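[1] Here is the input, now give the coordinates:
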Amino acid sequence: MSSFSVRFLSSPPLSSPPPQITRLSATPATSVSPAVAPAEVEVDSGRLEPRVEERDGFWVLKEKFRQGINPPEKVKLEKEPMKLFMEDGIQELAKMSVEEIDKVKLTKDDIDVRLKWLGLFHRRKHQYGRFMMRLKLPNGVTTSAQTRYLASVIRKYGKDGCADVTTRQNWQIRGVVLSDVLEILKGLAEVGLTSLQSGMDNVRNPVGNPLAGIDPQEIVDTRPYTNLLSQFITANSRGNPTITNLPRKWNVCVVGSHDLFEHPHINDLAYMPATKDGKFGFNLLVGGFFSPKRCAEAIPLDAWVSVDDVIPVCKAILETYRDLGTRGNRQKTRMMWLIDELGIEVFRSEVEKRMPEQKLERASAEELVEKKWERRDYLGVHPQRQEGLSYVGLHISVGRVQSKKFRGKHPF
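    The predicted model follows:
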């Protein structure tokens, strides 16, 4: 069972009323394997040949590596999913009925698979013709204007419309029909939101400290970093095809709390605050994930980056995974399986090759997260770091918000 929480941030009086900020977070119960670095293995140089190549601005699996690939990889090869967004394929699709779409395999795969690159998940079995739409909401921060817009969308769908607060500090809205998608995408853009690259083999919502900026005991405000990551991942909501053909989904977080609310142990990349030679930056953990078949705890990459290299190292790790990850059994294509196969030092060297100056510093011993720390409960009323102000943590049962709850000043 997950415990879902929302914090409302009160701001000091300004000349004009500030937008209301809501923070979404969830604390899942997790059990993961202890972090043990894979034993070093000898890797044939041929194994380090990139398995993808660029064609017309998109990254495609090479012919020689297409034996034994899984069904979603075949769907990607048949038609580039990002073209639905970047070349306006969604416009034609949205004009068709679902029944018409289902008559042709190519378009059927569009609504069942490829639209997930736009954050749209067809609920074929339970709500035929309706979609769940997952957003990108870095650090779980949403404004009142954004929340009201989402409320207006789901209210339109009556009993079929609702929203979810997810375990990655995100919103999902349910009940969406295909003919409304273009209008919704436009509305999202107008309030500074996007659903792009939020499903399937993409980077998921960047997670940070749910109390970022208001936590009296925070190490660092994670919001600037999660925002930068999100902007890089989607190329400022225009689409970033260099990292949209990954072998599987990929999670990232930036740690700003001693409590580890961000769950770095189950992220593919976790930025752990640390100083080096008097300079602030991050040590890196890699490979964590949580699934029904295997739960692996992230392990140290033995690397430290300054704040200037937060994006370059993310890009280098993603390109390493994109280039070298296997694409067969979907249960064995998360990034930790690649680390297991190559060994952490070979994996690290491949990341280093892809850094701008082909250099990656070793980890710092000056970690800022206190290991002996009693984890706090952020439900209820607590003082902010801003004198005289408090934040409120609320519990939302299973994270579900019905459309009728999206009324008044707050949706809860």
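
[2] quick one: low-confidence ranges for the stretch 151-300 of the chain?
    Applying pLDDT under 70 to the stretch 151-300 of the chain flags no residue at all.

[3] got the residue ranges for the helices in it?
    For the stretch 151-300 of the chain, the helices defined by DSSP state H, counting those that start in this stretch cover 181-190, 223-234.

[4] which one of the ones you listed has the most crowded surroundings?
    Comparing these by mean neighbour count (mean count of other C-beta atoms under 10 Å), helix 223-234 ranks first with a mean of 21. Backbone N, C-alpha and C define where each C-beta goes, glycine included.

[5] CA atoms of that one as CSV?
    What follows is helix 223-234, C-alpha atoms only, in CSV (Å, rounded to 0.1, in the frame of the first residue of the first chain):
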residue,chain,number,x,y,z
ARG,A,223,13.6,21.9,-7.9
PRO,A,224,16.1,23.7,-10.2
TYR,A,225,17.8,20.3,-11.0
THR,A,226,14.6,18.4,-11.6
ASN,A,227,13.4,21.2,-13.9
LEU,A,228,16.6,21.1,-15.8
LEU,A,229,16.4,17.4,-16.2
SER,A,230,12.8,17.6,-17.4
GLN,A,231,13.7,20.3,-19.9
PHE,A,232,16.6,18.3,-21.3
ILE,A,233,14.5,15.0,-21.4
THR,A,234,11.8,16.6,-23.6
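
[6] Which segments of the protein make up each domain?
    Recorded structural domains for the chain (assignment: automatic domain parsing) are 1-30+82-199+379-412, 32-70+205-378.

[7] Now do the contacts for G89.
    83, 110 (C-beta atoms under 8 Å, 6 or more residues apart in numbering).

[8] go on, Q146?
    191-193.

[9] Those, buried ones only, as a ChimeraX selection?
    Here is the ChimeraX selection string for the buried members of the contacts of Q146, based on 16 or more other C-beta atoms under 10 Å:
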select :193
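
[10] which among the contacts of Q146 gets closest to P50?
    L193 (33.7 Å; C-beta to C-beta).

[11] pretty sure that closest one contacts K136?
    Yes - between L193 and K136 there is a contact under C-beta atoms under 8 Å: 7.3 Å.

[12] which residues sit in contact with the residue lying closest to F282 once chain neighbours are set aside?
    Nearest residue to F282, sequence neighbours excluded (C-beta to C-beta, 6 or more residues apart in numbering): Y271, at 3.9 Å. Residues in contact with Y271 (C-beta under 8 Å, 6+ apart) are 225, 252-255, 282-284, 305, 310.

[13] quick check, M133 in a strand?
    Yes - note on M133: a strand contains this position according to DSSP: H, G, I helix; E, B strand; the rest coil.

[14] neighbours around it, how many?
    27 (other C-beta atoms under 10 Å).

[15] ok, now the one 10 residues further on?
    Here the number of neighbours of T143 (other C-beta under 10 Å) works out to 16.

[16] if we can go back for a sec, what subset of the contacts of Y271 is buried?
    Buried subset of the contacts of Y271 (neighbour count, 16+ other C-beta under 10 Å): 225, 252-255, 282-284, 305, 310.

[17] Relative to Q402, which of these is nearest.
    C253 (29.1 Å).

[18] Contacts only, for the closest one.
    Neighbour list for C253: 206-208, 262-264, 267, 269-271 [criterion: C-beta under 8 Å, 6+ apart].

[19] Pull up the gap between it and V401, please.
    24 Å (C-beta to C-beta, to the nearest Å).

[20] ok, now K105?
    Counting by C-beta to C-beta, the separation of K105 from V401 is 36 Å.

[21] repeat for R124
    According to C-beta to C-beta, R124 and V401 sit 24 Å apart.

[22] G393 too?
    As for G393, its distance to V401 is 16 Å (criterion: C-beta to C-beta).

[23] Make sure Q91 is actually in contact with L182.
    Yes - judged on C-beta under 8 Å, Q91 makes contact with L182 at a distance of 6.5 Å.

[24] ok, which stretches of the stretch 1-150 of the chain are strands?
    3-9, 21-27, 52-55, 58-61, 120-122, 130-134, 141-143 (DSSP state E, counting those that start in this stretch).

[25] tell me which element the spatially closest residue to R362 that is not a sequence neighbour falls in.
    Spatial nearest neighbour of R362, excluding adjacent residues (C-beta to C-beta, 6+ apart): D302 at 5.7 Å. Here D302, judged by DSSP states H and E, is contained in strand 299-306.

[26] So what touches the helix or strand following that strand?
    For strand 299-306, the succeeding helix or strand toward the C-terminus, using DSSP H and E, is helix 310-324. For helix 310-324, contacts defined as C-beta under 8 Å, 6+ apart pick out 47-48, 50-52, 59, 203, 225, 228-229, 232, 242-243, 245-247, 250, 252, 268-269, 271, 282, 284, 286, 303, 305, 335, 338, 342, 347, 350-356, 360.

[27] how about D221, what does it touch?
    Going by C-beta under 8 Å, 6+ apart, D221 touches 209, 212-213, 256.

[28] let's go with 6 Å and repeat that
    D221 is in contact with 212-213, counting by C-beta atoms under 6 Å, 6 or more residues apart in numbering.

[29] any idea how far it is from F261?
    D221 is 14 Å from F261, where distance means C-beta to C-beta.
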